[in-house]
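S.K.: Prediction below, plus the sequence it came from.
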Amino acid sequence: MDAAGAKNIAKLVLGTAQFGLNYGISNQRGQLQLPEIQAILTEAEQAGITTIDTAAAYGNSEQTIKQAIAATGSHFKIISKYPPNKPGLTIKQAFEASLEQLGVVNLYVYLLHSYSSYSCNPAIIEQLQALKTEGKVQKIGVSLYHPSEAEELLDQNVPIDIVQLPYSIFDRRFEQVLPELQNRDIEPHVRSVYLQGLYFMQPSHLPEHLAPVADKIATLQHLASNYNLPVGAVCLGFALANTNISNVVIGVESLQTLQENISYCAMELPEDLKAELQQLKEDNEDIILPYKWPAR
């Protein structure tokens with residue numbers, strides 16, 4: 001792996017929704033089992049990935065991470081999240097529960113999993129700040145879905161360190177706000193670069209609600225083939241090439257998909273390809289926001 005590839009790997013954050021849930025529209029294997037999770041953590045650490053992202057809402061992901069780390073002896077910085085739709089649960093209560101589930105004494109980052117946790121109770125940020133003051137967490141922030149949420153945080157000068165947001169070849173809604181986040185020393189961490197695996201699906205076999213982007217998916221797959229690149233390398237490389245993005249959260253369905261993601265980090269996208277990908281922007285939120293997809 002050359003220096004550029006190693007730098008890209010250092011930007012990766014290992015997402016763990018699949019550790020505790022049957023997650024992803026193209027996921028054919030279901031929830032990962034402990035032996036493979038152990039192998040994934042070992043491989044990730046050896047490759048140079050230093051951070052993992054989890055949440056109380058990801059099923060039994062936190063408990064599974066605790067078991068896997070105990071078995072492998074691996075060391076990671078851990079990001080977790082305050083659960084959504086739990087107004088009666090204080091930050092301290094949820095945070096301590098996550099520490100216990102994970103078997104750790106502090107976290108690298110603690111995020112609000114839902115912007116509404118802040119918008120309905122702005123004082124909740126003070127509870128997050130208290131965790132920093134106590135040395136329980138290094139950084140705090142909010143997980144977002146809409147650019148208007150980021151704009152409100154900036155307008156209100158909310159004292160946070162990180163926002164996590166969706167970003168991919170189709171979903172480029174946050175591009176205009178990314179530079180200002182960086183200017184304010186707020187790190188943008190992006191997720192959903194593969195849109196839950198949508199980009200890998202056969203255009204002719206899409207569910208009805210996603211059929212409107214069949215042509216764009218076919219174009220993306222055709223472009224990847226023309227440039228002799230895997231579709232995954234194009235999707236990940238598109239996010240890594242954005243200099244206003246600090247880190248990229250990737251979920252994996254297997255040890256093999258982790259290894260593929262690691263290999264993608266060494267594959268630089270040609271400028272001509274980047275320019276062609278710009279034409280694939282999709283504005284329909286019913287397509288680019290998986291929470292709006294019908295339940296499977």
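M.R.: Yep, it's here.
S.K.: Poorly predicted segments of the stretch 151-296 of the chain, please.
M.R.: The model of the stretch 151-296 of the chain has pLDDT under 70 over residues 296.
S.K.: Which parts of it are strands?
M.R.: 162-166, 187-191, 247-251 (DSSP state E, counting those that start in this stretch).
S.K.: which SS class is Trp121?
M.R.: Heads up, residue 121 is Asn, not Trp. Classification of Asn121 by DSSP: H, G, I helix; E, B strand; the rest coil places it in coil.
S.K.: Show the contacting residues for the residue nearest to it when sequence neighbours are not counted.
M.R.: Leaving aside its chain neighbours, Asn121 sits nearest to Pro87 (7.4 Å; criterion: Cβ to Cβ, 6 or more residues apart in numbering). Every residue, glycine included, has its C-beta placed from N, CA and C. By Cβ atoms under 8 Å, 6 or more residues apart in numbering, the residues touching Pro87 are 117, 120-121.
S.K.: Most neighbours among the residues you listed, which one?
M.R.: Ser117 (24 neighbours; other Cβ atoms under 10 Å).
S.K.: average pLDDT for the strand or helix carrying that residue?
M.R.: Assigned by DSSP states H and E, Ser117 falls within helix 115-119. Mean pLDDT, helix 115-119: 95.
S.K.: And the contacts of stretch 125-144?
M.R.: Residues contacting stretch 125-144 (Cβ under 8 Å, 6+ apart): 81, 90-92, 95, 99, 106-115, 117-118, 149-150, 153, 158-165, 174, 186-187.
S.K.: Any idea how far that stretch is from the middle of the chain?
M.R.: 19 Å (Cα atoms, centre = their mean, to the nearest Å).
S.K.: what do you get for stretch 81-99?
M.R.: 20 Å.
S.K.: Do me a favour and average the pLDDT over it.
M.R.: The pLDDT scores in stretch 81-99 average 91.
S.K.: Compute the first-to-last residue distance for it.
M.R.: 11 Å (Cα to Cα, to the nearest Å).
S.K.: Buried ones in it, by neighbour count?
M.R.: 81-84, 91, 94-95, 98-99 (16 or more other Cβ atoms under 10 Å).
S.K.: for the stretch 101-250 of the chain, what spans make up the helices?
M.R.: Assigned by DSSP state H, counting those that start in this stretch, the stretch 101-250 of the chain shows helices spanning 115-119, 124-133, 147-155, 178-183, 214-226, 231-240.
S.K.: Among those helices, which comes closest to Ser254?
M.R.: Set against Ser254 and scored by Cβ to Cβ, the helices of the stretch 101-250 of the chain come closest in helix 231-240, at 12.8 Å.
S.K.: and the angle from that closest one to helix 214-226?
M.R.: 100 degrees (axes from the mean of the first three to the mean of the last three Cα atoms, to 10 degrees).
S.K.: Show me what helix 231-240 packs onto, helices and strands only.
M.R.: If you count contacts as 3 or more Cβ pairs under 8 Å, 6 or more residues apart in numbering; DSSP states H and E, helix 231-240 packs onto helix 214-226, strand 247-251, helix 255-264, helix 271-277.
S.K.: Let me see the contact set for Ala233.
M.R.: 224, 263-264, 267, 269.
S.K.: In TSV: those, plus distance to Thr72 and neighbour count.
M.R.: TSV is the format used below for these (distance: Cβ to Cβ, whole Å; neighbours: other Cβ atoms under 10 Å):
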residue	distance to Thr72	neighbour count
Ala224	34	20
Ser263	22	15
Tyr264	24	22
Met267	28	19
Leu269	33	18
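S.K.: of all the residues you listed, which comes closest to Val248?
M.R.: Checking the contacts of Ala233 against Val248 by Cβ to Cβ gives Tyr264 as the nearest, at 10.6 Å.
S.K.: So that closest one sits against Gly237, correct?
M.R.: Yes. Between Tyr264 and Gly237 there is a contact at 6.6 Å, judged by Cβ atoms under 8 Å.
S.K.: where do the contact lists of the two overlap?
M.R.: Counting by Cβ under 8 Å, 6+ apart, nothing touches both Tyr264 and Gly237.
S.K.: My reading is that Gly88 lies in a helix. Confirm?
M.R.: No. Gly88 sits outside any helix when classified using three-state DSSP, being coil.
S.K.: Pick out the most distant pair among the buried residues of stretch 81-99.
M.R.: Across the buried residues of stretch 81-99, the longest distance by Cβ to Cβ is 19.1 Å; it joins Pro84 and Leu99.
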